[in-house]
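Visitor: Quick check, what structure comes out for this input:
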Amino acid sequence: MPDMQLRLPGRRLFRLAQAQATWDGVSLAEQSSPANSRDTLIVFPQPWRVSENHTLHLSAEFQNPSPGQTGFSFSSTAFFLPSEGWVPGLLPSQSLFGTGGVPPKQWRLQVRVPAGFLVHLSGRSPKTLRAGNEINVLSVQHPEDSYPFVVAGLYKQTVLDAGKQKVFLWTRAQEDSASFRQSADALVRAIETYDAAFGTRSQIGQPFWFVDCPVAAGCFTAQESSYANLLSAEPAAASSELASRDTLMVDFHGGAPRLAASAPSLASSWLGYGQNPGFYEQLPPLSAFPAFAAALGEEAIEGPTFRTETIRRALRMIPSNAAARKQEDDAVLRAKSFLFFYALEERYGREVSSRAFRHMLSARRGRGFDLDDLIAAFEEETHQNVAEFVRLWMKRPGVPEDFRSHYRDASAAVLFHSRENTP
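Guide: Here you go, the predicted structure:
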């Protein structure tokens, strides 16, 4: 093998200083891959033959973004590296029978930080070694940890018992756990809803971490902001985002937030974040799935009126007299995709819909899913032609009039729940 192709950390998330590569201590030149400008090509001084042992060392420095730029920010007392975008990836060879790019069966992740830092990272059996003013944390990674993450900082830890779910709060200042009790109770209801609708996030009862952002202005990528106006009449700026399946970065500025707020970030932990490489690349209507999941969690907290108000708010964004064959704009398509999941529940029932969601997520775990997978799961549960229903919703302009009419008056919520209870 005369060269190797790499996918370096994403510049969308990080400001990356010049990466460096050495091969057995000799510096290697980098160049853009002719196959894909996003990739980097490293040419070896001599072919790397099968069964030969060589050491390839890659290094890069993540820096805070320049003024006016976006990207994750770090402070001298805290940082985090999320489950995407920061680990260099080895790509398969471009030859006809090319191999490579597959993670090893086992590898180690080592994190070195100042003494006093709390550290949470991916992998198993973490070990902490102390040496002077530093601590080293080593964790064994496996193929299922192909999206490694690290969260570390000078945090104060508070432990909440949220029903069956243990929650660790990492804040800059010591907080009175009583101030979080109401949030913890809401979190229990949201988690129970997500478990029932989408299956349990983990079979071994892994805890959750809610961690104060190192720098709030550079903590969120705003991936869910386009759906914020569907979930709230007065959407606020992004205040939470997943760093891993079990870690939510939160802006604690101004006091304890509602930990189970309707941000799709928390719900995303049940839907494929950190398991599915295409999670943030879904097309409509699947791109609205996290927002719909978050709305179910919020409904469990606020009560059934939240459902009616949310559906009405989305309906107001969709013209009632949409012109045939005219392409719908992005805002309308988002609202329509969001309502599509409510329409599935109304057509087939909440329990049947939940079984279909659980079936799809379980069957496609780690591989991603698309609209065909959703249709297949519903057709298996209902033994009906669900594809025709999907076409009615997503291929025609606007929304079906019978759905809109259900939510024109206050009886809409009663109508839906009476259908749920009908044998």
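Visitor: What count of nearby residues applies to the residue lying closest to residue 17 once chain neighbours are set aside?
Guide: What sits nearest to residue 17 in space, not counting adjacent residues and going by Cβ to Cβ, 6 or more residues apart in numbering, is residue 61, at 3.9 Å. (C-beta placed from N, C-alpha, C; glycine too.) Residue 61 has 11 neighbouring residues, counting by other Cβ atoms under 10 Å.
Visitor: State the distance from the residue nearest the centre of the chain to residue 241.
Guide: Centroid-nearest residue in the chain, with Cα atoms, centre = their mean: residue 273, separated by 4.0 Å. With distances taken as Cβ to Cβ, to the nearest Å, residue 273 is found 10 Å from residue 241.
Visitor: now residue 130
Guide: Distance of residue 130 to residue 241, computed by Cβ to Cβ: 31 Å.
Visitor: my guess is residue 331 contacts residue 316, does it?
Guide: No. With contact defined as Cβ atoms under 8 Å, residue 331 does not reach residue 316; the gap is 11.2 Å.
Visitor: Comparing the two, which shows the higher neighbour count?
Guide: Neighbour count, other Cβ under 10 Å: between residue 331 and residue 316, residue 331 has more, with 13 against 10.
Visitor: Quick check: chain neighbours aside, which residue is closest to the more buried one?
Guide: residue 317 (6.1 Å).
Visitor: Report the contact partners of the one you found.
Guide: 229-230, 331-332, 335 (Cβ atoms under 8 Å, 6 or more residues apart in numbering).
Visitor: How is residue 80 assigned, secondary-structure-wise?
Guide: Under DSSP: H, G, I helix; E, B strand; the rest coil, the three-state class of residue 80 is strand.
Visitor: Bridged to it, which residues?
Guide: Counting by DSSP bridges, residue 80 is bridged to residue 151.
Visitor: who touches it in this structure?
Guide: 72, 149-153, 211, 214, 243, 247, 249.
Visitor: and the gap between it and residue 112?
Guide: 15 Å.
Visitor: ditto for residue 134
Guide: Distance of residue 134 to residue 112, computed by Cβ to Cβ: 6 Å.
Visitor: what do you get for residue 282?
Guide: Distance, residue 282 to residue 112, by Cβ to Cβ: 36 Å.
Visitor: what about the residue nearest to residue 189 when sequence neighbours are not counted, which SS state?
Guide: Leaving aside its chain neighbours, residue 189 sits nearest to residue 300 (4.4 Å; criterion: Cβ to Cβ, 6+ apart). Under three-state DSSP, the three-state class of residue 300 is helix.
Visitor: hang on, residue 300 packs against residue 190?
Guide: Yes. The criterion here is Cβ under 8 Å, and residue 300 meets it with residue 190 at 5.8 Å.
Visitor: Looking at these two, which one has more neighbours?
Guide: residue 190 (26 against 21).
Visitor: so how far is residue 267 from the more buried one?
Guide: Taking Cβ to Cβ, one finds residue 190 at 8 Å from residue 267.
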